[in-house]
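**Student:** need coordinates for the following:
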Amino acid sequence: MAETPLRRLRSCALAIFCGKPEEITIIATELGARDKISGTAVDGVDNGHIFHVGKMEFVGGKKLGFYVTSSLRQGLVPFAIATGALISVLRPRFAIHAGVCAGNKKQGVSGKVDGRRLRRLGDESRRR
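**Tutor:** Numbers count the residues shown, from 1 in each chain. As a prediction, this is how the structure comes out:
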């Protein structure tokens, strides 16, 4: 019996949520995620979502299943609502929010992770 899309996504320990849909492809390509699942195929998930699914292999042969998706609308509040809903349905063990910029200029606090930075980090680790 074939695994349902919901079960497949729930089997992934890591969820990577991008701030913009166009960042999905950058990160998924860098991490080698080759399979796609449409939100229309997943019970309890908004139809507009796309999930790129893959596995990372570590030294010693351990594997970590992951998927990359994004919020359907930009902005901190829509992102928080969308990722909260996805986390409650898909229940990943770990979550990374990539491409989300938030901060407080008065406090001097800001931060952003984007696909270009991820790619540079990946390139550096390959040279070692």
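
**Student:** so R8 is in which element?
**Tutor:** Applying DSSP states H and E as the criterion places R8 in helix 5-10.

**Student:** now for the helix or strand following that helix, which elements pack on it?
**Tutor:** As assigned by DSSP H and E, the chain's next helix or strand after helix 5-10 is strand 14-18. If contacts are counted by 3 or more Cβ pairs under 8 Å, 6 or more residues apart in numbering; DSSP states H and E, strand 14-18 sits against helix 21-31, strand 63-70, helix 76-90, strand 94-98. To be clear about C-beta, it is placed using only N, CA and C from the backbone, and glycine gets the same treatment.

**Student:** what mean pLDDT does the first one have?
**Tutor:** For helix 21-31, mean pLDDT rounds to 89.

**Student:** of all the residues in it, which ones are buried?
**Tutor:** By neighbour count on 16 or more other Cβ atoms under 10 Å, the buried set for helix 21-31 is 21, 23-24, 26-28, 31.

**Student:** repeat for stretch 57-69
**Tutor:** Within stretch 57-69, the residues that count as buried by 16+ other Cβ under 10 Å are 65-69.

**Student:** how distant is it from the center of its chain?
**Tutor:** Distance, stretch centre to chain centre, for stretch 57-69: 13 Å (Cα atoms, centre = their mean, to the nearest Å).

**Student:** what's the span of that stretch, first residue to last?
**Tutor:** Stretch 57-69 has its terminal residues 20 Å apart, counting by Cα to Cα, to the nearest Å.

**Student:** begin at 32 from here
**Tutor:** Happy to do that; since the first residue is 32 now, the last one works out to stretch 88-100.

**Student:** just to revisit the earlier point, widest-spaced pair of the buried residues of stretch 88-100?
**Tutor:** Of all pairs drawn from those, the greatest distance, 13.8 Å, lies between G96 and T100 (Cβ to Cβ).
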